[in-house]
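**Student:** After the sequence you'll find the predicted model.
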Number of protein chains: 2
Amino acid sequence: MKTYLECIPCFLKQSLEAARMATDDEEVHEKVIKEVMKRLQTISLNHSPPELSREVHEIIRNITGSKDPYKKVKEQSNEMVNNLYPHLKKLVTEAEDPLLMAIKLAIVGNVIDFGTSNRYKIDDMIDTAVKKKFVDDAYPQFKNTLEKAITILYLADNSGEIFFDKLLIEELVKQGKKITYVVKAHPIINDVLKDDAQFAGIDKLATILQGDAGQKRSAPGMVIRYTSKEFQEQLNTSDMVISKGQGNYEALSTINRQIFFLLMVKCPLVARDIGTELAQLVLKVNS
Amino acid sequence: MKTYLECIPCFLKQSLEAARMATDDEEVHEKVIKEVMKRLQTISLNHSPPELSREVHEIIRNITGSKDPYKKVKEQSNEMVNNLYPHLKKLVTEAEDPLLMAIKLAIVGNVIDFGTSNRYKIDDMIDTAVKKKFVDDAYPQFKNTLEKAITILYLADNSGEIFFDKLLIEELVKQGKKITYVVKAHPIINDVLKDDAQFAGIDKLATILQGDAGQKRSAPGMVIRYTSKEFQEQLNTSDMVISKGQGNYEALSTINRQIFFLLMVKCPLVARDIGTELAQLVLKVNS
């Protein structure tokens, strides 16, 4: 997905948010905003939003001197959802279709996102998972592909959300699948790093892969040209690819590879691209 | 009120909106956004938002070549509320306290605003005026001041909204008051110009004054240093001052002059400054 002019105010809003997480110094906040505006003036909008975001957040890190402004927020989300996990697990095991419920919850978990303007309360959202109709036209195809698959490449999105991923990964492992869980190599917004995957115990269920290993900075989505050879190889050879979140959707929606996208729509432009509405839970396949 | 860093994404959102009203050419939209970012990089945030907005919209007019990007929108709002006027008038005449109802409606009319991000549907809002509790602690003081007043300076805000102003002005004229209705000299967002006042027939009830006459461009609020001597004189000598909208509040909330501010709160920073919540109908006096 290309970047739209509407993304610019959004990047600036996010820059201010990140700067405030890193420091209370208002002069630094102002410097961040102004430096990001300077960079956005010269940037090409033909790149996807995660590619621009990658540059924007590097400016923020450089000016604030914080390597990981979202560190505290990430730890808080991990703790919060870790506590919710037994309740979530029960929802899956007691569901009529545990796989479908695990998919639904994995999408609901995508509500935990500090990379977009709109916020949703996770507590309010869990019930929604059970009750709300979601765009699951691709579910039969998901099940079909899954049935034939042995190796699955699973692209992570955010901290906190990782415990929702765990529910789905447990269902997949139960079916004998071999999962590679793709995390980012470097801090970017509240995206999942190796440490988070280990904290959630996903390393005991899946192989953890830093999809953009070798790069000096991460983007909030697996932008192909910034990914490692190993990631690209696995993307080509895995029997099935599951991608979480808007960032990965924005980065990968147009590539020539079947991918199942699980995301909550938090941006009107992504909604338009998918042909759905804001706040919608989406399971979509691109081919 | 000073400008906050949060105003920057908001200015950019508004710039894009204005640029799109002026032209369909996406290259021009991008040029506008980039030029506005360039200007905002060097601007001092110690000025009030209407002062910055004055500069931002000059950039938009210059790049798009449109003297009045909101012209169509203004005409549509005027037409729409003109049609509603008989219904609104009935609400006032049938009210237990017609003055209070006219004030409430004058505030509800402030919902028609293309200068802030949040939009409200006018149809939905009219019922709200009748039912919703509004922050009217200043009403007794308003009535007191009004009782002793002969001359009233009334600062207009937006097109469309002008017909709501008319309801209140008619109540004031009925009580024998002499009103000066302050409009902008030049197009700025959807603010009221002389033509709008004439279209609404306010020229038959009040004296129309271009508060910033002599200036080459208008701000979306009466920023003292950009106003005419005549306006400043009337501001000092009028028995009562009524100010509509956020723009005038942002420009005048800290001056040493009793002003009754009638506005709907459409921005979280204004809400914080007033000590109230978003979407609140406010009648506030600053001394």
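**Tutor:** Noted; the coordinates are in hand. Numbers count the residues shown, from 1 in each chain, chains lettered A, B, ... in the order given.
**Student:** contacting residues for A:Ile202?
**Tutor:** By CB atoms under 8 Å, 6 or more residues apart in numbering or on different chains, the contact set of A:Ile202 is A:Ile162, A:Asp165, A:Lys166, A:Ile169, A:Tyr181, A:Ile208. Backbone N, C-alpha and C define where each C-beta goes, glycine included.
**Student:** wait, what's in contact with the first one?
**Tutor:** To tie it back to what came earlier, the one meant is A:Ile162. A:Asn78, A:Val81, A:Gly109, A:Ala156, A:Val192, A:Asp196, A:Ala197, A:Phe199, A:Ala200, A:Ile202.
**Student:** and of these, the nearest to B:Leu88?
**Tutor:** Set against B:Leu88, the nearest of the contacts of A:Ile162 by CB to CB is A:Gly109 (48.0 Å).
**Student:** Quick check: that closest one vs chain B, distance?
**Tutor:** As judged by CB to the nearest CB, to the nearest Å, A:Gly109 and chain B stand 27 Å apart.
**Student:** So that residue sits against A:Ser159, correct?
**Tutor:** No - the pair A:Gly109 / A:Ser159 is not scored as a contact, 10.3 Å apart, by CB atoms under 8 Å.
**Student:** in chain A, which helix or strand is least confident?
**Tutor:** When the helices and strands of chain A are scored by mean pLDDT, DSSP states H and E, helix A:122-131 comes last with a mean of 70.
**Student:** Report the rounded mean pLDDT for the helix or strand just after that helix.
**Tutor:** Sequence-wise, the next helix or strand downstream of helix A:122-131 (DSSP states H and E) is helix A:139-148. Helix A:139-148 shows an average pLDDT of 97 in the prediction.
**Student:** next one: stretch A:11-23
**Tutor:** On average, stretch A:11-23 scores 96.
**Student:** how about it as PDB, C-alpha atoms only?
**Tutor:** C-alpha atoms of stretch A:11-23 as PDB (Å, rounded to 0.1, in the frame of the first residue of the first chain):
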ATOM      1  CA  PHE A  11       3.000  10.400  11.400                       C
ATOM      2  CA  LEU A  12       3.300  13.800  13.200                       C
ATOM      3  CA  LYS A  13       0.800  12.800  15.800                       C
ATOM      4  CA  GLN A  14       2.600   9.600  16.400                       C
ATOM      5  CA  SER A  15       6.000  11.400  16.600                       C
ATOM      6  CA  LEU A  16       4.700  13.700  19.300                       C
ATOM      7  CA  GLU A  17       3.400  10.700  21.200                       C
ATOM      8  CA  ALA A  18       6.700   8.800  20.900                       C
ATOM      9  CA  ALA A  19       8.700  11.900  21.900                       C
ATOM     10  CA  ARG A  20       6.600  12.300  25.000                       C
ATOM     11  CA  MET A  21       7.100   8.700  25.900                       C
ATOM     12  CA  ALA A  22      10.900   9.200  25.700                       C
ATOM     13  CA  THR A  23      11.100  12.500  27.600                       C
END
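**Student:** after the helix or strand that contains A:Gly247, next one along is what?
**Tutor:** Using DSSP H and E, A:Gly247 sits within helix A:245-252. Later in the chain than helix A:245-252, the nearest helix or strand by DSSP H and E is strand A:260-264.
**Student:** Show me where the stretch 101-250 of chain A dips below the pLDDT cut-off.
**Tutor:** A:113-123, A:125, A:128-130 (pLDDT under 70).
**Student:** just the strands in it please.
**Tutor:** A:151-155, A:178-183, A:207-210, A:240-244 (DSSP state E, counting those that start in this stretch).
**Student:** which other helices and strands contact the shortest one?
**Tutor:** Helices and strands touching strand A:207-210, as assessed by 3 or more CB pairs under 8 Å, 6 or more residues apart in numbering or on different chains; DSSP states H and E, comprise strand A:178-183, helix A:194-199, helix A:229-237.
**Student:** what residues go with each domain of chain A?
**Tutor:** What automatic domain parsing lists as the domains of chain A is A:7-64, A:73-285.
**Student:** Out of these, which is closest to B:Ser287?
**Tutor:** domain A:7-64 (29.0 Å).
**Student:** What's the end-to-end length of that closest one?
**Tutor:** 22 Å (CA to CA, to the nearest Å).
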